[in-house]
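Trainee: Model the structure of this input:
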Amino acid sequence: MQFARKPLRRPFINIIPLIDVLVVLLIFYIATTVFKKSEPQIKIVVPSSTHATTATGTPPSIIFVTEDSKILLDDTPVDPDQLGELLKSKLAADKNFKVAMKADTKAPFGMIAKVMDAAHDAGITDLSTFMNAEKPAGDSGP
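Mentor: Numbers count the residues shown, from 1 in each chain. Below is the predicted model:
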């Protein structure tokens, strides 16, 4: 007895739902990515403080002071004598220009004073500094 054979169908994969899922995942990853300002590849250990607070708003330009007395404005090395003029030109170009200092704990205080003087000469009166938040000794909270 001979049975009728069904013609062989080629397998078919519908890829439109797969593309839809991939697009949704792509949008999710783009939306949840934290866009962070790049920092130079230098190691800086900032001091700790019990009164440190987290800054909000737009991130400022950062002046880095390393333990070997090097000064960097964002990613570019800067001569300490030229820092004031550079800050003046940036402030003249953008009235909302903000700057913060991130100094190593072993950085010479003379270099930190030069940075503070340069910012003051440029007209920047609120030079923020980076510190690690530290819990007070008697604080048992989370």
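Trainee: what sits against residue 108?
Mentor: residue 69 (C-beta atoms under 8 Å, 6 or more residues apart in numbering). The way it works is simple: take the backbone N, C-alpha and C, and place the C-beta from them, glycine included.
Trainee: which residue ranges form the strands in this structure?
Mentor: 48-49, 61-65, 71-73, 76-78, 99-103, 128-129, 132-133 (DSSP state E).
Trainee: between these, which gets the lowest average pLDDT?
Mentor: Note on these: lowest mean pLDDT is at strand 132-133, with a mean of 64.
Trainee: Residue 107: what's it in contact with?
Mentor: 65, 66, 67, 69.
Trainee: Figure out which of the strands of the chain is closest to residue 5.
Mentor: Relative to residue 5, the nearest member of the strands of the chain by C-beta to C-beta is strand 61-65, separated by 75.0 Å.
Trainee: buried sites along stretch 95-106?
Mentor: Neighbour counts using 16 or more other C-beta atoms under 10 Å place 97, 98, 99, 100, 101, 102, 103, 104 of stretch 95-106 among the buried residues.
Trainee: Please read the previous query as pertaining to stretch 63-78.
Mentor: 63, 64, 65, 66, 67, 71, 72, 73, 78.
Trainee: Pull the number of nearby residues for residue 111.
Mentor: By other C-beta atoms under 10 Å, 19 other residues sit near residue 111.
Trainee: Go through this structure and flag its longest helix.
Mentor: In the chain, assigned by DSSP state H, the helix with the most residues is helix 16-32.
Trainee: got the CA positions of it in PDB?
Mentor: Output of helix 16-32 as PDB, limited to C-alpha atoms (Å, rounded to 0.1, in the frame of the first residue of the first chain):
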ATOM      1  CA  ILE A  16      10.400  40.500  12.200                       C
ATOM      2  CA  PRO A  17       9.600  39.700  15.900                       C
ATOM      3  CA  LEU A  18      13.300  39.100  16.600                       C
ATOM      4  CA  ILE A  19      14.100  42.500  15.100                       C
ATOM      5  CA  ASP A  20      11.400  44.200  17.200                       C
ATOM      6  CA  VAL A  21      12.900  42.700  20.400                       C
ATOM      7  CA  LEU A  22      16.400  43.700  19.400                       C
ATOM      8  CA  VAL A  23      15.300  47.300  18.800                       C
ATOM      9  CA  VAL A  24      13.600  47.500  22.100                       C
ATOM     10  CA  LEU A  25      16.700  46.100  23.900                       C
ATOM     11  CA  LEU A  26      18.900  48.600  22.000                       C
ATOM     12  CA  ILE A  27      16.700  51.500  23.100                       C
ATOM     13  CA  PHE A  28      16.700  50.200  26.700                       C
ATOM     14  CA  TYR A  29      20.600  50.000  26.700                       C
ATOM     15  CA  ILE A  30      21.000  53.500  25.200                       C
ATOM     16  CA  ALA A  31      18.500  55.000  27.600                       C
ATOM     17  CA  THR A  32      20.100  53.500  30.700                       C
END
